[in-house]
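>>> Provided below are the primary sequence and the corresponding predicted coordinates.
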Amino acid sequence: ETGVTQSPTHLIKTRGQQVTLRCSSQSGHNTVSWYQQALGQGPQFIFQYYREEENGRGNFPPRFSGLQFPNYSSELNVNALELDDSALYLCASSPGTGGGQPQHFGDGTRLSIL
Amino acid sequence: GESVGLHLPTLSVQEGDNSIINCAYSNSASDYFIWYKQESGKGPQFIIDIRSNMDKRQGQRVTVLLNKTVKHLSLQIAATQPGDSAVYFCAEKIQGAQKLVFGQGTRLTINP
């Protein structure tokens, strides 16, 4: 069974640039959620994708957007990068959207904004 | 509002002792809780979960206890080993919502 994989592992960008982060869900999982984890903090929910549509969103501005593909993989796009966007971006997959199903995380993409 | 907090930011235990990590939550509509372990440079790793209709669940060397009356969750690790050193997060899922709400984490350090 293949776990959640994310790419790239590290990325350095400058303010104002755009970035795309990628995630492959665990086999058999059709739901993908994205989280932002600042240093020393717990992960914060950005949004979730199910059946290629956004299925819930946290308190993040519209410059954070995403996609889900027919194979359930997903992308997180961030436009007009700001210094505060520096964080670990985590992708988690689960076998559905219902309660009682744990989300399994990848090892994240460490994004640094200069 | 939604918040998941931890009583202690750090916990230091002797190798072989039992560890207890505590977590308080504030949303009575939460119906599902998870404990994650996060090692340096890695993503959160699922340890154990519990639904709100249960008050105890056991796994291999771990037990989660849920007290809905006082909105408290705990993770017990038996015979703590050096490999248990990590940051532990509790997370709650509010009924009908998609997101997990995480606390800030407790760093568990094992003394030889």
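Arrived safely. Numbering: from 1, shown residues only, chains lettered A, B, ... in the order given.
>>> So A:A38 sits against A:Y89, correct?
No: A:A38 is beyond contact range of A:Y89, at 10.6 Å (criterion: C-beta atoms under 8 Å). Yep, even glycine has a C-beta here, placed from its N, CA and C like the rest.
>>> higher neighbour count, those two?
A:Y89 (24 against 13; other C-beta atoms under 10 Å in any protein chain shown).
>>> C-terminal to the lowest-mean-pLDDT helix or strand in chain B, what's the next element?
Least confident helix or strand, chain B: strand B:4-5 with a mean of 53, by mean pLDDT, DSSP states H and E. The C-terminal neighbour of strand B:4-5 among helices and strands, as given by DSSP states H and E, is strand B:10-14.
>>> Format the CA atom coordinates belonging to whichever helix or strand comes after that following strand as CSV.
Remark: after strand B:10-14, the chain's next helix or strand is strand B:19-25, criterion DSSP H and E. Written as CSV, here are the backbone C-alpha positions of strand B:19-25 (Å, rounded to 0.1, in the frame of the first residue of the first chain):
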residue,chain,number,x,y,z
SER,B,19,3.6,8.6,29.5
ILE,B,20,0.3,10.4,29.7
ILE,B,21,-0.4,13.3,27.3
ASN,B,22,-3.4,15.4,27.9
CYS,B,23,-5.6,17.5,25.7
ALA,B,24,-8.6,19.7,26.3
TYR,B,25,-11.2,20.5,23.6
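>>> Partner strands of strand B:19-25 and their direction?
strand B:4-5 (antiparallel), strand B:72-77 (antiparallel) (DSSP bridges).
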